[in-house]
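K.L.:
structure, please.
(one chain, ligands or ions: 1)
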Amino acid sequence: MNQDQLKKLVADAALKHVVEDRVVGVGSGSTVNLFIDALASIKGRIEGAVAASGASAERLRKHGIRVFDLNSVDELPVYVDGADEVTEHLHMIKGGGGALTREKIVAAVARKFVCICDASKLVPVLGRFPLPLEVIPMARSHVGREMLKRGAQPVLRENFKTDNGNLIIDCHGLTLLDPPRLEAELNNIAGLVANGIFARRPADVLLLAADSGVRTVTL
Ligand code: 5RP
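P.N.:
You can find the predicted model right below:
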């Protein structure tokens, strides 16, 4: 199977985690797009969805799925999202699509985070994928200098603005030996809105698609 077929396989497999008659949290990216398409097949059995990006919200609406504002939802039983890298500890790097801040917010609210990936995303140590940071524009140089001090090569994502009107800096050359510690440390840099390490709130379930089928990983 090629990567797109694996993404479709895992997107379909995530449907069994969706709770009937409730609102489901939906992340963003190409794997999640396929999950949204699959969700359309059971749209009569869910109340609606909360979306972590404008693009996901638009795709949900096109399928006739009601999109709720996160603030109007008391509880979110499940959040389904992809990742750029994931480990067996269910730590992730996310933000390849630039939606990391909203993804982190929705993940924080959700009771269960189901990460959906093809097997190419599984790594022993996070960091080969450049770590995305969402940054307030006036803090761009400050955050860049802070990341240089930490041994990273920060690169501003060209011609890109997040849904929140901010910039993305992609940090190359990091090896994340202690993801929860680095996540917390980066959270203290002024002007850095969110970093793409998802380790303090890891996934609860990883669905990993390979030629042999979908493997479920939990801690
Ligand atoms: C977007 C994300 C995505 O989940 C991540 O980039 C994976 O995307 P894809 O499914 O297209 O590989 O974090 O901010």
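
K.L.:
can you map out the strands along the chain?
P.N.:
Listed in chain order, the strands found in the chain under DSSP state E are 23-26, 48-51, 67-68, 76-81, 85-86, 92-93, 110-118, 131-135, 153-156, 167-172, 192-195, 197-198, 205-210, 213-218.

K.L.:
got the buried residues for the last one?
P.N.:
Meaning strand 213-218. V214, V217 (16 or more other CB atoms under 10 Å). For glycine as for every other residue, the C-beta is placed from the backbone atoms N, C-alpha and C.

K.L.:
again, but for the fourth one
P.N.:
The neighbour-count criterion (16+ other CB under 10 Å) identifies L76, V78, Y79, V80, D81 as the buried residues of strand 76-81.

K.L.:
with stretch 170-188 instead?
P.N.:
Those would be D170, C171, L174, L176, P179, P180, L182, E183, L186, for stretch 170-188 by 16+ other CB under 10 Å.

K.L.:
wait, which of those residues is closest to A108?
P.N.:
For the buried residues of stretch 170-188, the minimum distance to A108 (CB to CB) is 12.7 Å, reached by E183.

K.L.:
and that closest one, what is it in contact with?
P.N.:
Applying CB atoms under 8 Å, 6 or more residues apart in numbering to E183 gives the contacts N195, I197, F198, A199, R200.

K.L.:
show the pLDDT at the residue in the chain sticking out farthest from the centre.
P.N.:
In the chain, K149 marks the outermost C-alpha relative to the chain mean, sitting 26.4 Å out by CA atoms, centre = their mean. Looking at K149, its pLDDT reads 98.

K.L.:
check contacts around it.
P.N.:
Applying CB under 8 Å, 6+ apart, no residues qualify as near K149.

K.L.:
give me the distance between it and the ligand.
P.N.:
25 Å (CB to the nearest ligand atom, to the nearest Å).

K.L.:
can you check P130 too?
P.N.:
11 Å.

K.L.:
so that residue touches C171, yeah?
P.N.:
Yes. Under the criterion of CB atoms under 8 Å, P130 makes contact with C171 at 5.8 Å.
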